[in-house]
Each structure stands twice: as C-alpha cells, then as structure tokens.
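**Q** predicted model follows, preceded by the sequence.
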Amino acid sequence: MPDIETVCVQCKSTFPFSEKDQEFFYQRNMMAPQRCEQCRPRRAAKKVEDGTRFEIVCDHCGKHDRVPFQPKVGRPVLCRECHEANRSRARFA
Ligand SMILES: [Zn+2]
Ligand SMILES: [Zn+2]
C-alpha cells in the first residue's frame, strides 16, 4: 500500500497517511485519521481540559443536565438538584 495524502479537516493542510499507519488503523478497524498530527494532540488536550460531560434527562423532574459520568443504561438518572435532594432525604429518613 502506498502512502495516502490526506487533507486535515481542521487546518486543511495535507499530511501523509503512511503505509505503517494504514496497517495500524486497519488492523484495529479504525477510521482513517481526519486530522494531521499537529491538530490531533491539541484536540485531545482540549478534551481533558473541558472534562467529559454526558447529557442526561432527569428521571425525576425531566430537566436536562450534564453529568461527569456515563449514566448506566436502564437505571434512573437524576439531575444535580434531584440528586442532592434525594441524598438529603435518604439521610433524614
Ligand atoms: Zn491539521
Ligand atoms: Zn431533576
């Protein structure tokens, strides 16, 4: 397989998708990279900065909220307010 010239979706510059990289990606069933090496680490760093947030809909009041953890499928998920209220209720019950 020859090297493939790929256009970075972020900075629009071309970068080589080398034969070695192609093998690496195809072996793992991964999609070809969309960004050049300069854009890739910056994107990863930003993600850590922002923290990962999962959009949830509160099971109790229906409010949309973001939580720093992945909600478990099939389990009720509460917004921060309801979660706090739930916790203090449990404490005083
Ligand atoms: Zn780029
Ligand atoms: Zn709620």
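**A** Yep, it's here. Ligands and ions are numbered 1, 2, ... in the order given.
**Q** got the contact list for D21?
**A** P33 (Cβ atoms under 8 Å, 6 or more residues apart in numbering). In this view, the C-beta of every residue, glycine as well, is placed from N, C-alpha and C.
**Q** distance from the chain centre to the helix or strand encompassing it, please.
**A** Element membership of D21 [criterion: DSSP states H and E] is helix 19-27. How far helix 19-27 lies from its chain's middle: 23 Å, per Cα atoms, centre = their mean, to the nearest Å.
**Q** and that helix, which residues are buried?
**A** For helix 19-27, a neighbour-count test (16 or more other Cβ atoms under 10 Å) marks Q22 as buried.
**Q** repeat that for stretch 58-76.
**A** For stretch 58-76, burial by neighbour count (16+ other Cβ under 10 Å) applies to 58, 65, 67.
**Q** so what's the residue sitting nearest the centre point of the chain closest to, chain neighbours aside?
**A** Central residue of the chain (Cα atoms, centre = their mean): T52, 6.3 Å from the mean position. For T52, ignoring the flanking residues on the chain, the nearest one in space by Cβ to Cβ, 6 or more residues apart in numbering is P68 at 6.8 Å.
**Q** residues contacting that neighbour?
**A** Counting by Cβ under 8 Å, 6+ apart, P68 touches 51-54.
**Q** pop the domain breakdown of the chain in here.
**A** Under the assignment automatic domain parsing, the domains of the chain span 4-50, 54-92.
**Q** do you know which of those lies nearest ligand 1?
**A** Ranking the domains of the chain by proximity to ligand 1 (Cβ to the ion) places domain 4-50 first, at 3.1 Å.
**Q** does ligand 1 have contacts with stretch 26-40?
**A** Yes: residues of stretch 26-40 are located near ligand 1 by Cβ under 5 Å from the ion, namely 36, 39.
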